[in-house]
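[1] I would like the atomic coordinates for the input below:
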Amino acid sequence: MALPIEEYALIGDTHTAALIGSDGSINWAPFPRFDSGACFAALLGTPENGRWRVAPCDPQATCRRRYLPGTLVLETLFETARGKVRVVDFMPVRDGAPNIVRLIEGVEGDVEMQVELVMRFDYGRTVPWVRKQDHTLTAIAGPDGICVRGDVTLRGEGLTSTGKFSLRPGERRAMVLTWFPSHHELPGTIDPLQALAVTETWWREWSERCRYQGPRREAVLTSLRVLKALTYEPTGGIVAAPTASLPEWCGGSRNWDYRFCWLRDATLTLNALMLGGYIDEAQRWREWLLRAVAGDPARLQILYGLAGERRLVELELPWLDGYQGSKPVRIGNAAHEQLQLDVYGEVMDAMFQARRFGLGASQWGWDLEVHLLESLKTLWRQPDEGIWEVRGPRRHFVHSKMMAWVAFDRGIKSAEQFQLKGPLDEWRRIRDEIHAEVCARGFDEKRQTFTQTYERPDLDAALLMMPLVGFLPASDPRVSGTVRAIEGELLHDGFVRRYRTETAKDVDGQNSPEGVFLPCSFWLADVYVQLGRRADAERLFNRLVDLSNDVGLLSEEYDPVGRRLLGNFPQAFSHLALVTTAVNLSPDAQRSEAHRGQCEAKATPDA
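    Here you go, the predicted structure:
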């Protein structure tokens, strides 16, 4: 039986990542393409896909976990009737091959420990050839190789490698698991204790650069460290989550692969990094963004691979049962073929905010932006799949049109504030036309609320973005009416659902429930701030932060009835939204920087 999603913690080396359960099990979740996209336990809750467990033999053992201060080095303290053992898990700062290090240390008493290692490749389909070689256990199959070193003796038992040992106070064992291309020689050995010291220092020095000083600072720092761990260092791309096919509702079929980079997250990512003081990371994210979208503007995708790959073929893996029986299991993501107009607005806003924050000139960025707006001149009139990647007929989504307005608005403001050239009169005319159409066709006069799509009654939590991006001020009665409607129809235990799931069809044509959507709930707190409802904003923000698991991690959704996290985990979108809302609740100087509708430049013009 798979652990609840919230029972996992994240470690990473800014190239790949691993998830560690409270039971001492590790699931390595490599990002697609890099380090082999199907290497060792990339999916949670699928034991046939591989696992590596180090834990006390006592089934009644309990544990307490924490990250060592300022790091993503995980410490788990197991307590049994016979004593206590500490396990420290981390991925060393990358210097060659990817490693996972496990240090096991006796604290009290005499505790018997067990190791269980199940190595599978190609998402559980391939059992590798395992052998001992110079005190090293190696597993080879096709392009993948794994070697395991350390002072724990392992023996073969069926298709599993197992071992047992006892620890007294002060005694320590170490194990290192390393992935390598199978056609290469075995990677060099590392000193686990030295690697721990270097890794702790690296993370602490990175954390000390954070300039945020406001409410729930430790939660903000954790969120920023999550973003850093989800970064692919060679390119600067940031994945939405390190996991694939974790369900939006257990047993449901909304099981998507989130190990890709979404353009929708672009502005929030940029803002969160800049507000935290991470200029270099924000600069590299912008550079990744420019490379990824370069090409035919009319074929702008909503998501890309870590290096900007465009073909992200979606496959189903029928040999896997999925997390708690949630089928089908999917890798790849067919949503990359969808038309979602809002990404034009996100890209243009991200580029504008980069200038506003002072990231400096881009040699060819403005030319690209002009081409995007040239394409959007006709595209904005088309129906699309919308922000929630609806897999059904295209519709005229109000949020999509609003973000098309944002695209032209930010293009105009970039030109005006940074002395850039463009057809401003034409852009102003289109911007005004979009605004008028949205207000005429997307607003329900009888209910006094904007709606999800033109001339239909359904609501959409994405409408909360209207005042946040500056489409209408929060003081506008149409905005306050929309907020009241969302509070009346989309709240569940005070948290926000994306839309009414009883009116939405799943990919198989059936109604499908889902949890409340955490980023949307943070957006509501942001709107409360603009409405002057600060007490409501603080109350909601603190409740959302308190949904984090014991080590401060959030998924994309939450089940208020079952009181558990849902969806891919940890979710960058949720952590980005947490950082933004925290800043919105901070002193005035920082709060003004976080406001996307704020359009006053503070930087020098582009060269």
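
[2] Would you map out the domains in the protein?
    For the chain, the structural domains run 5-187, 212-594, going by automatic domain parsing.

[3] Distance to residue 198 added to those, as JSON lines?
    Where you see a C-beta, it was placed from the backbone N, CA and C, and this is true even at glycine. Formatted as JSON lines, the domains of the chain follow (distance: least, C-beta to C-beta, whole Å):
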{"stretch": "domain 5-187", "distance to residue 198": "6"}
{"stretch": "domain 212-594", "distance to residue 198": "16"}
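
[4] closest to residue 203 out of those domains?
    Distance to residue 203, taken as C-beta to C-beta, is lowest for domain 5-187 among the domains of the chain, at 3.7 Å.

[5] circling back: can you flag the weakest of the domains of the chain by average pLDDT?
    When these are ranked by mean pLDDT, domain 5-187 comes last with a mean of 87.

[6] Buried residues, the lengthiest helix in the chain. List them.
    Criterion DSSP state H: the longest helix present in the chain is helix 398-418. If you call a residue buried by 16 or more other C-beta atoms under 10 Å, then helix 398-418 has these buried ones: 398-415, 417-418.

[7] elements contacting that helix?
    Judged by 3 or more C-beta pairs under 8 Å, 6 or more residues apart in numbering; DSSP states H and E, helix 398-418 is in contact with helix 342-357, helix 365-379, helix 424-441, helix 465-468.

[8] tell me the angle the second one makes with helix 342-357.
    With axes from the mean of the first three to the mean of the last three C-alpha atoms, to 10 degrees as the criterion, the two stretches helix 365-379 and helix 342-357 enclose an angle of 150 degrees.

[9] tell me how far helix 365-379 is from the chain's mean position?
    Here the centre of helix 365-379 is set off from its chain's centre by 28 Å, with C-alpha atoms, centre = their mean, to the nearest Å.

[10] Give the other helices and strands that that helix contacts.
    Applying 3+ C-beta pairs under 8 Å, 6+ apart, we find helix 365-379 packed against helix 279-293, helix 342-357, helix 398-418, helix 424-441.

[11] How about the third one?
    With contacts defined as 3+ C-beta pairs under 8 Å, 6+ apart, the secondary structure elements packing on helix 424-441 are helix 365-379, helix 398-418.

[12] got it, and the first one?
    Counting by 3+ C-beta pairs under 8 Å, 6+ apart, the packing neighbours recorded for helix 342-357 are helix 266-276, helix 279-293, helix 365-379, helix 398-418.

[13] rerun at 6 Å
    In terms of contacts (3 or more C-beta pairs under 6 Å, 6 or more residues apart in numbering; DSSP states H and E), helix 342-357 is packed against helix 266-276, helix 365-379, helix 398-418.

[14] Restricting to C-alpha, output the shortest one in PDB.
    This means helix 266-276. Output in PDB follows, covering the C-alpha atoms of helix 266-276 (Å, rounded to 0.1, in the frame of the first residue of the first chain):
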ATOM      1  CA  ALA A 266       6.900  32.000 -15.900                       C
ATOM      2  CA  THR A 267       5.900  35.300 -14.200                       C
ATOM      3  CA  LEU A 268       5.300  33.700 -10.800                       C
ATOM      4  CA  THR A 269       8.600  31.900 -11.000                       C
ATOM      5  CA  LEU A 270      10.400  35.100 -12.000                       C
ATOM      6  CA  ASN A 271       8.700  37.100  -9.300                       C
ATOM      7  CA  ALA A 272       9.300  34.600  -6.600                       C
ATOM      8  CA  LEU A 273      13.000  34.300  -7.300                       C
ATOM      9  CA  MET A 274      13.500  38.000  -7.600                       C
ATOM     10  CA  LEU A 275      11.500  38.800  -4.500                       C
ATOM     11  CA  GLY A 276      13.600  36.200  -2.700                       C
END
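
[15] Run the chain-centre distance for that helix.
    Chain-centre distance of helix 266-276: 13 Å, with C-alpha atoms, centre = their mean.

[16] try the last one
    The gap between where helix 398-418 is centred and where its chain is centred comes out at 26 Å by C-alpha atoms, centre = their mean.

[17] between it and helix 342-357, how big is the angle?
    Going by the same axes, to 10 degrees, helix 398-418 makes 30 degrees with helix 342-357.

[18] Going forward, count from 38.
    Yep, numbering from 38; the last one is helix 435-455 now.

[19] got the angle between helix 435-455 and helix 303-313?
    If you take the same axes, to 10 degrees, helix 435-455 sits at 50 degrees to helix 303-313.

[20] who touches helix 435-455?
    Residues outside helix 435-455 that contact it (C-beta atoms under 6 Å, 6 or more residues apart in numbering): 378-379, 381-382, 385-386, 389, 392, 410, 413, 417, 421, 423-424, 457, 459, 461, 464, 467-468, 471-472, 475, 479, 487, 499, 506, 508, 636, 638, 642-643.

[21] Can you check which of the helices and strands packed on helix 402-416 gets nearest to residue 61?
    In terms of C-beta to C-beta, the element of the helices and strands packed on helix 402-416 nearest to residue 61 is helix 316-330, at 31.9 Å.

[22] List the buried residues of the closest one.
    318-327, 329-330.

[23] State the next helix or strand along the chain beyond it.
    Following helix 316-330 in sequence order, the next helix or strand is strand 340-341 (DSSP states H and E).

[24] Can you give the strand pairings for the following helix or strand past that following strand, parallel or anti for each?
    Downstream of strand 340-341, the first helix or strand assigned by DSSP H and E is strand 352-353. Sheet pairing of strand 352-353 (DSSP bridges) gives strand 367-368 (antiparallel).

[25] Could you double-check that residue 489 sits in contact with residue 500?
    No: applying C-beta atoms under 6 Å, one finds residue 489 not in contact with residue 500, separated by 7.6 Å.

[26] that's a helix at residue 123, yeah?
    No: secondary structure of residue 123 (DSSP: H, G, I helix; E, B strand; the rest coil): strand, not part of a helix.

[27] roughly how far apart are it and residue 188?
    Per C-beta to C-beta, to the nearest Å, residue 123 is found 16 Å from residue 188.

[28] Out of the two, name the residue with the larger neighbour count.
    Taking neighbours as other C-beta atoms under 10 Å, residue 123 and residue 188 compare with residue 123 leading, 16 against 12.

[29] burial count for the nearest residue to residue 613 once chain neighbours are set aside?
    Counting by C-beta to C-beta, 6 or more residues apart in numbering, residue 613 lies nearest to residue 305, which is 4.2 Å off, once chain neighbours are set aside. Using other C-beta under 10 Å, residue 305 has 23 neighbouring residues.

[30] which residues are in contact with both of residue 489 and residue 500?
    By C-beta under 6 Å, 6+ apart, no residue touches both residue 489 and residue 500.

[31] Is residue 100 in a helix, a strand, or coil?
    Look at residue 100: counting by three-state DSSP, its state is strand.

[32] Equivalent analysis for residue 91, please.
    Residue 91 - assigned by three-state DSSP - is strand.

[33] For it, name its beta-bridge partners.
    Beta-bridge partners of residue 91, counted by DSSP bridges, are residue 152.

[34] residues touching it, list them.
    Applying C-beta under 6 Å, 6+ apart, the residues near residue 91 are 61, 139, 152.

[35] Can you tell me which of those residues is nearest residue 574?
    Using C-beta to C-beta, residue 61 is the member of those that lies nearest residue 574, at 39.2 Å.

[36] which non-adjacent residue is nearest the closest one?
    Closest to residue 61 by C-beta to C-beta, 6+ apart is residue 92, at 3.4 Å.

[37] how far away is that neighbour from residue 51?
    Residue 92 is 28 Å from residue 51, by C-beta to C-beta.

[38] What of residue 341?
    Residue 341 is 18 Å from residue 51, by C-beta to C-beta.

[39] Measure how buried residue 220 is and give me the count.
    8.

[40] Am I right that it is in a strand?
    No: per three-state DSSP, residue 220 lies outside any strand segment and is coil.
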